[in-house]
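Participant: just coords:
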Ligand code: G3P
Ligand code: CA
């Protein structure tokens, strides 16, 4: 069953509404959460998106090696409303889907003796890393590698698929989305992130122009295109805004974090500053949403238990911004202490309960490695 077929879902305008008026999507949620504005007047057209929407984080990465066509396909088949891609470039300027340019943990590159000499140490966004990096490989070389599970100790089941898929290019994902869209009679929504944009620009491998070219080539550059564009660097979002009209989401880490482009520019503001009413108003000038770490929405206490929601949902909605926080995962090791079950860190805890608590804050969407579980909670919520 695809996303458009599930019954009883509150639907709202998608990207068109986001672009036309953030206020239309500005607020919703349960009684006691952020005050609802005009969300209830949304429509259920074929390109409508539900509220709250579920983003398949790196596909369905709780069940398949992340950022593979297999992971994206499973997320879509599970009913995820939007499928996420993280983008990095190759040496010859192609955009490929990887969470980071260091491909040591998510590919079999270490097993390729012909690439042993490419192992190197670099500093990326202030972090010293040793491994193999996409920008040192041509696309043809990268295509000889196979993807593998990032956290085999936690997700042993996923190692079943190690070696099954290659690294996809973003263009292959666009083609996949076209095929799936034709098959399902609707458009396939993507949530596309530029990774380390300042770093790659410094290497002459700017991401935004390459991304914009591909979006244009596939007719996904307009305001009502089924894409969200996201980045941890506000500068990348602003650059994208000059190139295409898609709705944009500024990603935010923990409260003490500072966007890397701010660090490079000597801008002292942190995430805590950016989620203040003043910071949110600044973001609303060039983006339609924020994607904060879930701890910004509901912090955990010193013992790791779930605390009380902050005012960020209300404040962001008041600024006309939607919220797509990250990342829900089913395993105990990722859950607040009071949602864990048993002592095995890799076993599933009360993920459904945690998703319910997150959605009750009035957020507009949620990234999850386990979109099927998150969807169960979202569908309950949509029926309220
Ligand atoms: O883009 C949303 C979420 O994916 C941000 O975190 O590090 O998993 O890309 P990350
Ligand atoms: Ca991401």
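Facilitator: Sure thing, it's come through. Everything numeric here is computed off the predicted structure, so don't read it as measured data. Residues are numbered from 1 along each chain as shown. Ligands and ions are numbered 1, 2, ... in the order given.
Participant: What backbone torsions are found at residue 104?
Facilitator: phi -60, psi -40 (degrees, to the nearest 10).
Participant: Would you pull up the residue in the stretch 101-250 of the chain closest to ligand 1?
Facilitator: residue 193 (4.7 Å; Cβ to the nearest ligand atom). For glycine as for every other residue, the C-beta is placed from the backbone atoms N, C-alpha and C.
Participant: Show me what the strand or helix carrying that residue is packed against.
Facilitator: Per DSSP states H and E, residue 193 falls inside strand 189-194. With contacts taken as 3 or more Cβ pairs under 8 Å, 6 or more residues apart in numbering; DSSP states H and E, strand 189-194 sits against strand 82-89, helix 170-184, helix 207-217, strand 227-231.
Participant: Adding distance to residue 244, mean pLDDT and mean neighbour count, write the ones you listed out as TSV.
Facilitator: Below are the helices and strands packed on strand 189-194 laid out as TSV (distance: least, Cβ to Cβ, whole Å; pLDDT from 0 to 100; neighbours: other Cβ atoms under 10 Å):
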stretch	distance to residue 244	mean pLDDT	mean neighbour count
strand 82-89	14	99	26
helix 170-184	14	98	16
helix 207-217	5	98	19
strand 227-231	7	98	28
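Participant: Now distance to residue 148 too, for these, in TSV please.
Facilitator: TSV is the format used below for these (distance: least, Cβ to Cβ, whole Å):
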stretch	distance to residue 148
strand 82-89	16
helix 170-184	19
helix 207-217	25
strand 227-231	25
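Participant: Of all the ones you listed, which one is nearest residue 358?
Facilitator: Nearest to residue 358, of all the helices and strands packed on strand 189-194, is strand 82-89, at 16.3 Å by Cβ to Cβ.
Participant: Confirm for me that the residue of the stretch 101-250 of the chain closest to ligand 1 is in contact with residue 86.
Facilitator: Yes - Residue 193 lies in contact with residue 86 (Cβ atoms under 8 Å); the separation is 4.7 Å.
Participant: so how far is ligand 2 from whatever residue of the chain ends up closest to ligand 1?
Facilitator: With Cβ to the nearest ligand atom, the shortest gap between the chain and ligand 1 falls at residue 326, namely 3.8 Å. Separation of residue 326 from ligand 2 (Cβ to the ion, to the nearest Å): 7 Å.
Participant: do residue 177 as well
Facilitator: Distance of residue 177 to ligand 2, given as Cβ to the ion: 17 Å.
Participant: same thing with residue 281?
Facilitator: Look at residue 281 and ligand 2: by Cβ to the ion, they are 25 Å apart.
Participant: How about the contacts made by that residue?
Facilitator: By Cβ atoms under 8 Å, 6 or more residues apart in numbering, the contact set of residue 281 is residue 319.
Participant: doesn't it fall inside a strand?
Facilitator: No - under DSSP: H, G, I helix; E, B strand; the rest coil, residue 281 sits outside any strand and is assigned helix.
Participant: in this structure, which ranges drop under the pLDDT threshold?
Facilitator: Along the chain, segments meeting pLDDT under 70 span 1-47.
Participant: If we use 80, what do you get?
Facilitator: Applying pLDDT under 80 to the chain flags the ranges 1-48.
Participant: Could you show which parts of it are in contact with ligand 2?
Facilitator: The interface of the chain toward ligand 2, taken as Cβ under 5 Å from the ion, is made up of 86, 193.
Participant: which stretches of the chain form helices?
Facilitator: With DSSP state H as the criterion, the chain has helices at 15-20, 69-78, 139-142, 170-184, 197-202, 207-217, 234-243, 260-265, 271-274, 277-284, 294-297, 312-318, 351-359, 371-383.
Participant: Dead centre of the protein: give me the residue that sits there.
Facilitator: Closest to where the C-alpha atoms of the chain average out (Cα atoms, centre = their mean) is residue 84, at 5.0 Å.
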